[in-house]
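Enquirer: Mind folding the following:
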Amino acid sequence: MSPEKLQIGRVLRAHGVRGWVRVGSDSEALLDLAEVWLDGKRVKILEAQSERGDFLLRLEGVTDREGAEALRGHLLYIDREALPPPEPGELYVADLVGCEVFDLNGARLGKVAGSFPGGGAEILVVEPAGEGEREFLLPLVDAMVKELDLAARRLICDPPPGLINLDEAE
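Expert: Here you go, the predicted structure:
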């Protein structure tokens, strides 16, 4: 998706038999939105409610369980202007996508490809820098992310042994 769109959730599964979907999201904004982007198309939200830490949505054009289940795993996006600008010192995690990731010694580790909520912290998915290396997951916590420069599209981290290279695990 383009920088004008921010991921707001992921369809977890169908809910019931009338086309409702259960969406995982950290944003209460889902309850107030009139529409989302799904598979590159605007889709109206007909009804929305929160339930047990997730959200239940009834989307235009989804009328039965089969249609809802077909959306499992699909990402929901919103237009950036639908959200207020982040407060000073805060950011939208989606803005980290594309940032280069370096370690404390300046070695390039990869590029942020996406993120997902992970319990107590957002988890960044980092695509590897070189051939034969593997993707790794980097928790967005002060203990690991030491510096973040959005203007330079650069993130400096201090990963523990084994996070990037399994052979380093203690």
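Enquirer: Downstream of the helix-or-strand element of the chain with minimal mean pLDDT, the next helix or strand is which one?
Expert: Within the chain, no helix or strand scores below strand 108-118, which has a mean of 87 by mean pLDDT, DSSP states H and E. For strand 108-118, the succeeding helix or strand toward the C-terminus, using DSSP states H and E, is strand 121-128.
Enquirer: Report the angle between that following strand and strand 108-118.
Expert: 150 degrees (axes from the mean of the first three to the mean of the last three C-alpha atoms, to 10 degrees).
Enquirer: State the paired neighbours of strand 121-128 in the sheet, together with their directions.
Expert: Strand 121-128 has its sheet partners listed here by DSSP bridges as strand 108-118 (antiparallel), strand 136-139 (antiparallel).
Enquirer: would TSV of those with distance to residue 159 and mean neighbour count be doable?
Expert: Heads up, the C-betas are built off the backbone N, CA and C, glycines and all. Shown next, in TSV, are those (distance: least, C-beta to C-beta, whole Å; neighbours: other C-beta atoms under 10 Å):
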stretch	distance to residue 159	mean neighbour count
strand 108-118	8	17
strand 136-139	7	18
